[in-house]
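[1] Give me a model of this one.
(one chain, ligands or ions: 1)
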Amino acid sequence: MGESILRLKDVAVFQGENLVLNDISLEIKKGEFVYLIGKTGSGKSSFMKTLYGDLPLKQGSGHIVDFDLTTLKEKEIPYLRRKLGVVFQDFKLLPDRNVNNNLLFVLKATGWKDPSEMNAKIEDVLDKVGMKTKGFKFPHELSGGEQQRIAIARALLNDPDLILADEPTGNLDPQTSVEVMKVLQDINKTGRTILMATHDYALILKYPSKTLKCDGNKVFEVIQRAV
Ligand SMILES: Nc1ncnc2c1ncn2[C@@H]1O[C@H](COP(=O)(O)OP(=O)(O)OP(=O)(O)O)[C@@H](O)[C@H]1O
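    The predicted structure is shown next:
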């Protein structure tokens, strides 16, 4: 039996007072690659937000990495985020600085001090996403796929146990989506757990894996043929 990295029991997800999802009980184990699918508005982003502490867990119990979501305090959220790598559809890179400085900004904000250690870490994560030579580029000088690789590199800076990717290929063409997906697959092969929300059924068919579906206020596992 593998180690659990996410465990939810009878969880409900709210946007304000509105119930979005109900009765969620599930477990994700270390090393798994899990898709989260569902129609627009079915609650995928709200589910992800609850996991990274952007929405409070008001009902049910949840454990993610080493944190108890039920008792999570506002001041603990930055520490939870360091254990998670979060990747968004729209990359969210800082436009006013180059790639190296985007990454340096995150390292400094998360307590790194030693310049040579920081440079080595930046080189390491850029290498992992195949972008070692692009550190001096500004975000606007990169293609969408390259920007997403940098966003993935940024998510890797603090060696997260779990990567939450919310439609990471949503803004990319099919070929670039496959390239970004290969990067995520490689990262998963090194033992990191990934939960990826997606609309992209072509990707799921090409890279089949455990799939959770948001539908009718519920989250449940679906078998590949039923996707
Ligand atoms: N900030 C918000 N305030 C209030 N309600 C919200 C907010 N964000 C989303 N909702 C509502 O919560 C429900 C779930 O939305 P959510 O964004 O989680 O769905 P989704 O599956 O991620 O959709 P998409 O695939 O379009 O991103 C929807 O009914 C939406 O209108």
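
[2] what's near enough to touch the closest residue to Glu167 other than its chain neighbours?
    Leaving aside its chain neighbours, Glu167 sits nearest to Gln89 (4.2 Å; criterion: Cβ to Cβ, 6 or more residues apart in numbering). All C-beta atoms are positioned from the backbone trio N, CA, C, and that covers glycine. Taking Cβ atoms under 8 Å, 6 or more residues apart in numbering, we find Gln89 in contact with Asp166, Glu167, Pro168, Gly170, Asn171.

[3] Could you list which of these belong to strands?
    The members of the contacts of Gln89 that map onto strands under DSSP state E are Asp166.

[4] And the residue nearest to Glu167, how far from the ligand?
    8 Å (Cβ to the nearest ligand atom, to the nearest Å).

[5] same deal with Tyr52?
    Applying Cβ to the nearest ligand atom to Tyr52 and the ligand gives a distance of 13 Å.

[6] Surely that residue is in contact with Arg81?
    Yes. Between Tyr52 and Arg81 there is a contact under Cβ atoms under 8 Å: 6.3 Å.

[7] For this structure, which segments count as helices?
    44-51, 77-83, 99-109, 115-128, 144-156, 174-189, 201-206 (DSSP state H).

[8] list the contacts for the residue most central in space within the chain?
    Closest to where the C-alpha atoms of the chain average out (Cα atoms, centre = their mean) is Leu164, at 1.8 Å. Contact analysis of Leu164 by Cβ under 8 Å, 6+ apart lists Met48, Leu51, Tyr52, Leu84, Gly85, Val86, Val87, Leu195.

[9] ok, now Val99?
    Val99 touches Leu93, Leu126, Met131, Lys134, Gly135, Phe136, Lys137, Phe138, Pro139, Leu142, Ile150, counting by Cβ under 8 Å, 6+ apart.
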